[in-house]
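> could you look at this predicted model? Sequence included:
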Amino acid sequence: MAKTVDFETSLKELEQVVSELDGEIKLERALNLFERGMELSTQLESFLKVAEQKVEILRRQADGSHTAESFDEKNLDSSSD
């Protein structure tokens, strides 16, 4: 079973990675931390992209229309008109 990770947990882990990279560590550990940091950065960017697209859908609906549009992952590409 895959572990569910949220934005705040990923951000906290990235902060810990950066903090450890700022210290005196061996090269191999630094490379491992850098790799993990890049993974977390990509994950956080994805979280933010989805959040931005959700907000964009809500903004379009704020034009006075009363139609509701459900959000799902397949609407992500079509929402960038």
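Nice, I can see it. Numbering: from 1, shown residues only.

> in contact with Phe7, which residues are there?
44, 47-48, 51 (CB atoms under 8 Å, 6 or more residues apart in numbering). All C-beta spots, glycine's among them, are computed from the backbone N, C-alpha and C.

> and Leu30, what element?
Just so we're on the same page, residue 30 is Ala rather than Leu. helix 27-61 (DSSP states H and E).

> and that helix, what does it pack onto?
Using 3 or more CB pairs under 8 Å, 6 or more residues apart in numbering; DSSP states H and E as the contact test, the elements touching helix 27-61 are helix 7-21.

> how about the helix it packs on: buried residues?
Residues of helix 7-21 classed as buried by neighbour count (16 or more other CB atoms under 10 Å): 10, 13-14, 17.

> and if you look at stretch 31-44?
By neighbour count with 16+ other CB under 10 Å, stretch 31-44 contains the buried residues 33, 36-37, 40, 43.

> so where's this protein shaky on pLDDT?
Within the chain, the stretches with pLDDT under 70 are 1-3, 58-81.

> switch the cut-off to 90
Counting by pLDDT under 90, the chain contains low-confidence residues at 1-5, 51-81.

> related to what we said a few turns ago, now the contacts of Phe7 as CSV including distance to Lys26?
Supplementary listing: those in CSV, determined by distance: CB to CB, whole Å:
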residue, distance to Lys26
Leu44, 26
Phe47, 31
Leu48, 32
Ala51, 37
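
> how about residues contacting stretch 10-24?
Residues from elsewhere that reach stretch 10-24, judged by CB under 8 Å, 6+ apart: 30, 33-34, 36-37, 40-41, 43-44, 47.
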